[in-house]
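Colleague: here is my input; please provide its structure:
(chains A and B)
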Amino acid sequence: MAESETAWEDALLAMRIVAIARHRIGGIHLRARAGPVRDMWLKRFQDLLNDVPHVRFSPDIDEGRLLGDLDLSRTLTEGKPVMAEGLLARADGGIILLAMAERAEPTLCGILAGAMDTRTVQAERMAQTAPAPARFALIALDEGVDETENLPAALSDRLALRVDLSAVSYRIAQGELEIPDAPPIAADSVTIPDAILNALATAAQQAGWESIRPVIWLSMVSRIVAALEGATEVEPLHASRAIRLVFGPVTVSEYEDEPADDTPPPPPPPDEQQEDRDESEPSEIDFEALKDMLIAAEAARTMTLPIILPAGAAGANARGSGKAGAQKDQARRGRPIGFSTRPPHPGAKPHILATLRAAAPWQKIRQRERGETPSGRLDIRPSDFRYRRLKDRTESTVIFAVDASGSTALARLGEAKGAVEMLLSECYVRRDSVAVIAFRGLEADVLLEPTRSLVKAKRSLGRLPGGGPTPLASAMAKALEMTARVMREGQTPLLVIMTDGNANIALDGSMNREQAREDVTALARQLAVLPMQIIMIDISARPRESARTFAASLRADYVALPRTDAKSVSKLVSTYLQDR
Amino acid sequence: MPAPFPFSAIVGQDEMREALLMAAVEPTLGGVLVFGHRGTGKSTAVRALAGLLPQIDALPGCQFNCDPDLPAALCDHCQALTAKGKPKRVKISTPVIDLPLGASEDRVVGSLDLEKALVSGEKAFEPGLLAAANRGFLYIDEANLLEDHLVDLLLDVAASGVNVVEREGLSIRHAARFVLVGSGNPEEGELRPQLLDRFGLSVEVTSPTEIKDRVEVVKRRDAYDRDPDGFAKKYRAKEGKVRNRIARAKEVVASIEATDDTLEDAATLCLALGVDGLRGELTLLRAARARAALDGDTAVTRAHLLSVAPSALRHRLRRDPLDEAGSVARIERAMASLDG
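Modeller: Presented below is the predicted three-dimensional model:
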């Protein structure tokens, strides 16, 4: 309950901060499902900032509307170009609400990020005109269901504040908590002691933020928090509040699988804090609060979601994947990503509105060429045809589930790693992603979330543990989870399981062979019904019948590769990908 | 519009800053690719550079930034002007044009002039971003996320230096020579190899690791945010120095000599690293010359060569996914062997 209250209090404070700093603070990454609590927050926000424009759109908006484009009907009736103001320019001085922000495509992120950096926007087709001002604060409404479905980092990095409403109960939101009043003094007049700035910079670095932006945000937010309390100088308490607002109660997953890089050691060394204090702070500032926040931030960063799968939840899971299938169908039609003068495939139909827009300027010219008097008839020629380009949704994600148990583990993992890197370096053109799940000991680990980046793969696969028993069931559960997610994102998964098929650890982590086998059978049934290809690579020295049976239960293609090496694995997977 | 963040107020990031300056001094170098994490000042640096570039000569009313000293390549407008006698020249600032990710083909290459077509029924060409960037810089933020069809288009124009538009009675050819500057985060996707190859220099940026540097970044950013113009004023003298350094270097760069020894060094280095083609050597030499010019030296020495080698070659090494050593380490190894 207390947690709920704090979260709501922070959410209201964030609102006030945006009202004070507007575009300078970037905006809020608001994580919440659509629902009454979020509605109440938005309503209050609207009321608080009722004197500025609020513009709301979702990621499928087309670029012309965003940037400003020709107003077709007025252009045709008035006989001169009339531009429709873009939404970004319209939001100048105000707020943009980006609904379903977790689905934002890189192009949209690029446009928004560019506008936020330059604080201007250049209208489409009007390359020669001056850019229009576009100073807005962005409220990204992130409805992501789990840690991995998240606001693209290019955007979240540019938003100072993180608010999570998932823990807020309706009762609290309806309660008496109020938005803090406007500050008695200007935030710009608040000073921040070097010691605190140092501590904040250290905090951000230790929490694994390579980007410098969070530190800038921390400094700005702490000054605003201080100003709200009428303080002319930032105190540690203000700073720790700022840490909570900027880092958020749950941190951005983008950073989760990047453990603080190789250069600085990740665990926050308390001595360094000590040093800071000795160096630059003669008087005693209470760093305890700061340190607590630091530890909390660190804990949140490394927190992983508990796996929710075992037998009882099978129903829920099946439903989940069914839904994913449906969404995928929708995705296969593709998301519009602009227009082209060439048909994307034979027999494609031109897009009527875009074609008219392309034809509009030519009307007078063509009329004159025909020597006719204005008739009001549109003259449309093949060169006007515009085709909608759709985002190609046949991209594949290869999920490797690699058995790292037993004595040959290290070599095997090394080869799997090699195969991943080879696939990534070869498959730029195919735009495929690769993910790796390794299993050994009591549980499977997702070593590499689906990625297209060789750099990221190299880093994540750098340290690979090996040996121990075989939690095959856990690996399959993780694979199932990832598959559902990949499908939800509209990609086609290909699961590659490298194992000898001998499970000896049950889902609950117990050393129960019988239970382990049962779990594996149950999970195999679930995987088998999914519309995806599975390859089972038998890596045991002497292929056995049991592995074949296992493959059959998965309806997987069985391949025995007793001498697994990176080249043959990547070649095998490549042939599967090329067949698509 | 507020003043941009001053170039000289950027903390650290020497390799990136020097690479940008070299590209400004020697346009034939082929531009710069800046790869690094978010929030490391990539875009800030590129946008700040705009204010430091020397002004260029142009003819009044020209939409293509034609170079009056190249009479053969003038656009119709400029040709008409020169036909009437020696036209008065104007100074314009070197263009730095943003190519946004979502740009349409029409906007990039240019299209029918809407105003003229609709109002007077006249067929006229409205230049696009490529024309606007002629003789200047074309900046692509998140270059690795650029749509494939735009990449194709760019590659074509960057190779020929000419933009050709053919549309229903509109037939336009205009010069489009620009310094390509791209930035991006490698973790969000690799850059297409053909595009990678176009960039003369490639630098990798990380944010400062020293707390005191990070704090300094924040303080400057903060001061800038509160009062952009006042902040810019504070750096005016420093900015002037950089501006002069570029201008001076630009004047002398063509006259800088490279001895046979340095040519041999460059060849040895490229050979040792297995860099394909001559482009690597050429870039290495041009970069070293620009470097010498910026340093106020009159000839290229091995020191210049070595200081630019990582930027000039890092993205040209053949990819070996199983080689753990990064490209920089490999270059350093090869550089060390030069001395031996």
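Colleague: give me the domain ranges for the chain.
Modeller: Using chain A. For chain A, automatic domain parsing gives the domain ranges A:1-182, A:183-258+A:285-304, A:336-390, A:396-578.
Colleague: ah, no, chain B please
Modeller: If you go by automatic domain parsing, chain B breaks into B:7-54+B:94-209, B:256-339.
Colleague: figure out the length between the terminal residues of the first one.
Modeller: Terminal residues of domain B:7-54+B:94-209 are spaced 20 Å apart (C-alpha to C-alpha, to the nearest Å).
Colleague: avg pLDDT for that domain?
Modeller: Mean pLDDT, domain B:7-54+B:94-209: 86.
Colleague: that domain: how far from the chain's middle?
Modeller: When distances are taken as C-alpha atoms, centre = their mean, to the nearest Å, domain B:7-54+B:94-209 is centred 8 Å away from the chain's centroid.
Colleague: try stretch B:296-316
Modeller: Distance, centroid of stretch B:296-316 to centroid of chain: 17 Å (C-alpha atoms, centre = their mean).
Colleague: now the strands for chain B?
Modeller: B:32-36, B:55-58, B:90-93, B:96-98, B:110-112, B:125-127, B:136-140, B:162-167, B:170-175, B:178-184, B:201-205, B:257-258, B:299-300 (DSSP state E).
Colleague: given the last one, what are its sheet partners and their directions?
Modeller: Which is strand B:299-300. Neighbouring strands of strand B:299-300 in its sheet, by DSSP bridges, are strand B:257-258 (parallel).
Colleague: for chain A, what is the nearest residue in chain B?
Modeller: Closest residue of chain B to chain A, C-beta to the nearest C-beta: B:Gly39 (2.8 Å). Glycine gets a C-beta too; all of them are placed from N, C-alpha and C.
Colleague: against B:Lys42, how distant is the residue nearest to that residue when sequence neighbours are not counted?
Modeller: Nearest non-adjacent residue to B:Gly39, counting by C-beta to C-beta, 6 or more residues apart in numbering or on different chains: A:Ser211, 2.8 Å away. As for A:Ser211, its distance to B:Lys42 is 11 Å (criterion: C-beta to C-beta, to the nearest Å).
Colleague: residue most distant from the centroid, chain A?
Modeller: A:Gly371 (56.6 Å; C-alpha atoms, centre = their mean).
Colleague: check what pLDDT it gets.
Modeller: A:Gly371 is given a pLDDT of 75.
Colleague: then A:Ile505?
Modeller: So A:Ile505 comes in at 83 (pLDDT).
Colleague: am I right that it is in contact with A:Pro471?
Modeller: Yes: look at A:Ile505 against A:Pro471 with C-beta atoms under 8 Å: they come within range, at 3.9 Å.
Colleague: name the residues contacting each of these two.
Modeller: Contact with both A:Ile505 and A:Pro471 is made by residues A:Gly441, A:Leu442, A:Glu443, A:Ala516, according to C-beta atoms under 8 Å, 6 or more residues apart in numbering or on different chains.
Colleague: top of these by neighbour count?
Modeller: Ranked by neighbour count (other C-beta atoms under 10 Å in any protein chain shown), those have A:Ala516 at the top, with 24 neighbours.
Colleague: got the contact list for A:Val446?
Modeller: A:Ala435, A:Val436, A:Ile437, A:Lys478, A:Met482.
Colleague: switch the cut-off to 6 Å
Modeller: A:Ile437, A:Lys478 (C-beta atoms under 6 Å, 6 or more residues apart in numbering or on different chains).
Colleague: check which helix or strand it maps to.
Modeller: strand A:443-451 (DSSP states H and E).
Colleague: mind checking if the next helix or strand after that strand is in reach of chain B?
Modeller: Once the chain leaves strand A:443-451, the next helix or strand it forms, by DSSP H and E, is helix A:454-460. Yes: legend: contact between helix A:454-460 and chain B by C-beta under 6 Å from any C-beta of the partner chain is shown at A:Val455, A:Lys456.
Colleague: what is helix A:454-460 packed up against?
Modeller: helix A:409-426, strand A:443-451 (3 or more C-beta pairs under 6 Å, 6 or more residues apart in numbering or on different chains; DSSP states H and E).
Colleague: need the CA coordinates for it. PDB is fine.
Modeller: Output in PDB follows, covering the C-alpha atoms of helix A:454-460 (Å, rounded to 0.1, in the frame of the first residue of the first chain):
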ATOM      1  CA  LEU A 454      27.200  -8.300 -33.700                       C
ATOM      2  CA  VAL A 455      28.700  -6.000 -31.100                       C
ATOM      3  CA  LYS A 456      26.000  -6.800 -28.600                       C
ATOM      4  CA  ALA A 457      26.300 -10.500 -29.200                       C
ATOM      5  CA  LYS A 458      30.000 -10.400 -28.700                       C
ATOM      6  CA  ARG A 459      29.600  -8.700 -25.500                       C
ATOM      7  CA  SER A 460      26.800 -10.800 -24.100                       C
END
